[in-house]
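> Make a model of this:
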Amino acid sequence: MSRVTRTTRLCLVGAVLGLLLGGEEAVRKLLQVCFTAPGCGSCRAFSHVLPLLQRRADEKQRAGYALQLSVFEIDTGSNMGLANELEVVDLPALLLYINGEYHRPLQAAPEAESLYMAVVRGTTEPALEPP
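Just a heads-up that it's a prediction; the model follows:
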């Protein structure tokens, strides 16, 4: 049995995120990935807010803010392999990627503005080791 190294895992995750974005956009935008599950009450709250967050980020970008954010929700039930590779244990899990690279987890209330500000703060904080 072959071992999956951290480098292999990061390449796999980068490839999957690239596919989710439709190609090279992963290196041009910030990504906020939210791992959820259908039976998780907190996840449902975030599921309702994520489209509002994307609209808020789009509004800010049109207003001249430099932050280009793409928001994705990943159902761990349908994507258990990816959740396992990223060692997602607690749900909902909010992860920030910058230039296609893992940056850090995020914590915020399930409100569009709180999530947006968590992304802004996350971009100013140093990157953490990938899971």
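
> Kindly state the beta-bridge partners for the residue nearest the centre of the chain.
Nearest to the geometric centre of the chain sits V33, at 1.7 Å (C-alpha atoms, centre = their mean). Note on V33: beta-bridge partners F72, L95, judged by DSSP bridges.

> Near K29, how many other residues are there?
K29 is flanked by 17 other residues according to other C-beta atoms under 10 Å. Bear in mind the C-beta positions are built from the backbone N, C-alpha and C, glycine included.

> isn't it right next to L67, touching?
No. Taking contacts as C-beta atoms under 8 Å, K29 lies outside contact range of L67: 9.3 Å.

> hmm, who's touching the longest helix seen in the chain?
Identified as the longest helix of the chain according to DSSP state H is helix 41-62. Outside helix 41-62, the residues within contact range by C-beta atoms under 8 Å, 6 or more residues apart in numbering are 32, 34, 36-38, 67-71, 73, 91-92, 94, 110-113, 115-116, 119.

> Next step: those residues restricted to strands.
Using DSSP state E, the members of these that fall in strands are Q32, C34, T36, L69, S70, V71, E73, L94.

> Quick check: closest non-adjacent residue to the fourth one.
With C-beta to C-beta, 6 or more residues apart in numbering as the measure, A57 is the residue that lies nearest to L69, at 3.9 Å, once sequence neighbours are left out.

> From L91, how far off is that neighbour?
22 Å (C-beta to C-beta, to the nearest Å).
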